[in-house]
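> coords please:
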Amino acid sequence: MPRIPDSGSIGEVSARSRRAAVEALNRNLQGADPGDGDWARDIETALLAAAFDSVLGPDPAHRTDNLRRLGQFTELVAEGSADLNLVSRRGGRELLIQLLVDSLAPLVLLPELFSQAPSRAVDVGSGAGFPALPLAILCPGVEFSCVEATAKRAAFLGETCQRLGLSNVVCERARAEDLGRTVGWRDRFDLGFAKAVGSLAYVAEVLLPLD
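Numbering: from 1, shown residues only. The predicted structure follows:
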């Protein structure tokens, strides 16, 4: 049976954690130098407030490296948004880190999805890379496929994976509806993700043939 976590439902369940993360981040940013650019620090603040910091791992060195790579990812999205309109620029730093916290929510709120060590996951309509790339950073044993129909965004995803050294991610420029009818893609994945691509019925329609 395919396992399809719905980002909308996860967002509802984690609403309290999200609010705590945003409030802590806002406190952290008050009086800070706008040019500071310490993404890793702000991500850690938000994850601690949301009680999601366990996803970073118990080993201090591993934890530091995960924060560094998550920070690098969000910084690349912020830079790319200026030209590619990846996420709303009005939301600024707060929105990007909130999207990151949401992306990592399945690791905390739905741990059973990862308890059996899934080997392959697909993210349709990947856009800026949420949730696939943050999950790929923290789950190096899972092979992620990012499916994005827009050429420039697909290119951004590929370049970002190269800069982050994510060897467990494949980026495919295609429509998810078409891949569901393509040999080699049908029934290929253990997990399916989709964020802000349509209704739950539509998400199920495009993911079920892949899972």
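
> Phi first, then psi, for the nearest residue to C161 once chain neighbours are set aside.
Take C161 and drop its neighbours on the chain: the residue closest to it by C-beta to C-beta, 6 or more residues apart in numbering is V169, 4.7 Å away. No exception for glycine: its C-beta is placed from N, CA and C like everyone else's. When quoted as degrees, to the nearest 10, the phi and psi of V169 stand at phi -130, psi 130.

> number of nearby residues for V169?
Residues near V169, counting by other C-beta atoms under 10 Å, number 25.

> E148 is in contact with that one, correct?
No - when contacts are counted by C-beta atoms under 8 Å, V169 is not listed as touching E148 (11.9 Å).

> overlap in contacts of these two?
Residues touching both V169 and E148 (C-beta atoms under 8 Å, 6 or more residues apart in numbering) are L157.

> In this protein, which residue is most central in space?
The structure's the chain has its C-alpha centroid closest to P131; by C-alpha atoms, centre = their mean the separation is 1.9 Å.

> By mean pLDDT, which helix or strand of this protein comes out lowest?
Counting by mean pLDDT, DSSP states H and E, the chain has its least confident helix or strand at helix 7-13, which shows a mean of 50.

> For A61, give me its contacts.
Contacts for A61 (C-beta under 8 Å, 6+ apart) come out as none.

> Helix or strand: which one has it?
Taking DSSP states H and E as the criterion, the element that holds A61 is helix 60-84.

> elements contacting the very next helix or strand once past that helix?
Later in the chain than helix 60-84, the nearest helix or strand by DSSP H and E is helix 92-109. Counting contacts by 3 or more C-beta pairs under 8 Å, 6 or more residues apart in numbering; DSSP states H and E, helix 92-109 is packed against helix 7-13, helix 15-29, helix 39-49, helix 60-84, helix 112-115, helix 132-138.

> average pLDDT across the second one?
The reference is to helix 15-29. The predicted model assigns helix 15-29 a mean pLDDT of 59.

> Kindly report the same for the shortest one.
Over the span of helix 112-115, the pLDDT mean works out to 74.
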